[in-house]
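> Quick one, fold the following:
(one chain, ligands or ions: 1)
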Amino acid sequence: MRISYTDIYRFSIPMVPFTIATGTMNYAQNVFIRVYTDAGIYGVGECSAFPMIVGETQDTCLLMAREFAALWKGTNPLDMEARLQQLHSFTAGNTTIKSAFDVALYDIAAKNAGQPLYQYLGGTKRVVETDITIGIGEPDVMAKQALDFVASGATILKVKLGKDAQTDIARVKGIREAVGPDVKIRIDANQGWSFDDAVMALQGMGQYDIEFCEQPMRTWFDDSLPELLQLSPIKIMADESVYNHHDARKQIKSHSCDYINIKFSKSGGINEAIKIQDTAASAGIACMMGGMLESRIALSAKLHFVYASPNIRFYDLDTCMLGHLEDPCVGGVKFDGYFLDIVDTPGIGADADEVFLEKCEKWVI
Ligand code: MG
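Numbers count the residues shown, from 1 in each chain. Below is the predicted model:
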């Protein structure tokens, strides 16, 4: 099998503005690709650039996608390790756009095997319930939103924090008092705190039954994490500190995290995500599946990977619920409230809507 050409789309999804500690997004800066082969099969991939965290924009992704597509033209997509190494040899980093190409390879491989991707990866389905994210705002506004989410059936809230530590404590207090004791609350500081802020915030929130806190400090304070873990009554999940399985090993060996958040936009896709999950599993460290602002296309790939990864115990799979104003996906993941499921069709079982694609800038390489 040979790759004949690749379609690349500027896959912008209009959004209600979404704010975290590092900035505000007005549309999801996504890229969609189709990698065509001479065997009548094509693979799809989608990624979501999140510049404030990973450092790639939609435009850098689109530029790199054209380079990657040219490199792959005429090569065998089933030789997955060689294809991915080709991208790594061409450029370091750029993990977000690499993830779209990685997912397209897995889609082709699973379609070629006639299996849903999770079966191709050796997995089985299980119940997956996502959390729902509350962006940073005034404490009373956040508490109101928490109540609205709970009224709509949510049982797990993820609360974005990382501004002023005292106000962050008030935000969590307000939400816990509003929703009562039965709703799970996890928090994400997105690197917003200093060490002293983190100690104060985490100790101040200890009484509010928080499941874990993602990424309390900037990654350049990773050397302070072992001390923070000793002082924190709340478990710590590494997010921005872990892109690949080498990062995972370093965090685990240095006792710098209790859990790890896996995202394809950091790992460069499924291939490396499997290595992170295996590294964490062998150390007894549970993982979360997370994401940026992907549509249901990339979300479908994530769900397949989750089914094949029993050590993933937390699900932050609400990316397309966070104010996306259009759904550009056909097939793929279905939501029953906050529970996810997918129909058994070969590959990732999701594709882009042709009507949506007609509006997108396109390159054929
Ligand atoms: Mg996070």
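
> At the contact with the ion, which residues of this structure appear?
Counting by C-beta under 5 Å from the ion, the chain comes close to the ion at Asp188, Glu214, Asp239. C-beta: built from backbone N, CA, C; applies to glycine.

> how close does Lys163 sit to Gln191?
Separation of Lys163 from Gln191 (C-beta to C-beta, to the nearest Å): 12 Å.

> From Val35, how far off is the closest residue to Glu81 other than its chain neighbours?
In this structure, Glu81 finds its nearest non-sequential neighbour in Asn271, 7.8 Å apart by C-beta to C-beta, 6 or more residues apart in numbering. Distance check for Asn271 against Val35: by C-beta to C-beta, it reads 15 Å.

> out of those two, which sits in the more crowded spot?
Shown here are Asn271 and Val35; by other C-beta atoms under 10 Å, Val35 has more neighbours (28 against 19).

> hang on, Asn30 in a helix?
No - under DSSP: H, G, I helix; E, B strand; the rest coil, Asn30 falls outside any helix and is assigned strand.

> Which strand residues bridge it?
In this structure, Asn30 bridges to Phe11, Ser48 when assessed by DSSP bridges.

> give me every residue that touches it.
Asn30 sits next to Phe11, Ser12, Ile13, Glu46, Cys47, Ser48, Ala49, Gln58, Leu293, Glu294, Ser295, Ala298 when contact means C-beta atoms under 8 Å, 6 or more residues apart in numbering.

> if we take these, which one ends up nearest to Glu354?
Nearest to Glu354 among the contacts of Asn30: Phe11, at 13.1 Å, using C-beta to C-beta.

> what are the phi and psi angles of the residue nearest to Glu81?
With angles defined as degrees, to the nearest 10, Asn271 shows backbone torsions of phi -60, psi -50.

> Can you give the distance from stretch 86-103 to the centre of its chain?
Here stretch 86-103 is found 16 Å from its chain centre; the criterion is C-alpha atoms, centre = their mean, to the nearest Å.

> The chain should start at 21 in everything you say after this.
Sure thing, new numbering starts at 21, so read that last one as stretch 106-123.

> can you give me the end-to-end distance of that stretch?
Start-to-end span of stretch 106-123 (C-alpha to C-alpha, to the nearest Å) is 15 Å.

> in it, what counts as buried?
By neighbour count on 16 or more other C-beta atoms under 10 Å, the buried set for stretch 106-123 is Leu107, Asn114, Thr115, Thr116, Ile117, Lys118, Ser119, Ala120, Phe121, Asp122, Val123.

> Could you do stretch 238-250 as well?
If you call a residue buried by 16+ other C-beta under 10 Å, then stretch 238-250 has these buried ones: Arg238, Phe241, Asp242, Ser244, Leu245, Leu248, Leu249.

> Specify the local secondary structure of the third one.
Read it as Asp242. At Asp242 the chain is in helix, as set by three-state DSSP.

> Let me know the pLDDT of it.
On pLDDT, Asp242 comes in at 98.

> residue contacts, it?
Listed by C-beta under 8 Å, 6+ apart, the contact set of Asp242 reads Ser261, Gln271, Ser276.

> ok, the second one - how many residues close by?
In other words, Gln271. When neighbours are counted by other C-beta under 10 Å, Gln271 registers 23.

> Kindly report the same for Leu345.
10.

> Could you find the closest non-adjacent residue to Ser32?
Ser32's closest residue in space is Tyr47 (C-beta to C-beta, 6+ apart), at 5.1 Å.

> now His265
Nearest residue to His265 in three dimensions, chain neighbours excluded: Lys295, at 3.9 Å (C-beta to C-beta, 6+ apart).

> and the longest helix for this protein?
When the chain is parsed with DSSP state H, its longest helix is helix 115-133.

> quick revisit: determine the three-state secondary structure at the residue nearest to Ser32.
Tyr47 ends up strand, using three-state DSSP.

> ok, it - contacts?
Contacts here follow C-beta under 8 Å, 6+ apart; on that basis Tyr47 touches Ser32, Ile33, Pro34, Met35.

> domain parsing for the protein?
23-134, 139-372 (automatic domain parsing).

> Figure out the helix or strand that the spatially most central residue of the chain lives in.
In the chain, the centroid-proximal residue (C-alpha atoms, centre = their mean) is Gly311; its distance is 1.5 Å. Of the helices and strands defined by DSSP states H and E, none includes Gly311.

> out of Lys183 and Gln211, which sits in the more crowded spot?
Gln211 (22 against 17).

> Just name the closest of the contacts of Asp242 to Pro330, please.
Gln271 (20.5 Å).
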